[in-house]
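**Q** Coordinates for the following, if possible.
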Amino acid sequence: VHLVESGGGLVQPGGSLRLSCAASGFTFTTYYMSWVGQAPGKGLEWVSDINSSGGSTYYNEFVKGRFTISRDNAKNTLYLQINNLRPEDTALYYCARESGPGGMDFWGKGTLVTVSS
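**A** I've put the predicted structure just below:
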């Protein structure tokens, strides 16, 4: 199993980014997938997840309305669109494969999002 995130960077408040996670080594289309964030000096925080078909999405209440999770099963890729970025969104964002309710068994190395003027 291999998960590789990309798309992070330095962005000004109010800006947007789209994070990507390229998946390989497993049957992507059969797994729920998650995004998890870790702010500097803080613990992991679940951000969002999506079911295997992409038809159902779930969000941490703190990101609803600004973050959009999606997936392209033909490309084995997971996405996270982040709009109206705030300094408090600064974090290392990981994608993770879900192994069952509340469980994640494989993680990428993360992509860093820094929101600063």
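
**Q** Find the residue closest to residue 84 in space, skipping its chain neighbours.
**A** Of all residues not flanking residue 84 in the chain, residue 66 sits nearest, at 5.1 Å (C-beta to C-beta, 6 or more residues apart in numbering). Where C-beta positions appear, they are placed from N, C-alpha and C, glycine not excepted.

**Q** count of neighbours near that neighbour?
**A** Residue 66: 15 surrounding residues under other C-beta atoms under 10 Å.

**Q** from memory it sits against residue 80, does it?
**A** No. Residue 66 lies out of contact with residue 80 (C-beta atoms under 8 Å); the separation is 10.7 Å.

**Q** pretty sure residue 112 is in contact with residue 6, am I right?
**A** No. Residue 112 is beyond contact range of residue 6, at 10.8 Å (criterion: C-beta under 8 Å).

**Q** tell me which element the most centrally placed residue in the chain is part of?
**A** Within the chain, one residue has its C-alpha closest to the average C-alpha position: by C-alpha atoms, centre = their mean, that is residue 35, at 3.0 Å. Here residue 35 sits within strand 33-38, counting by DSSP states H and E.

**Q** Go through that strand and flag the buried ones.
**A** Buried positions in strand 33-38, judged by neighbour count with 16 or more other C-beta atoms under 10 Å: 33-37.
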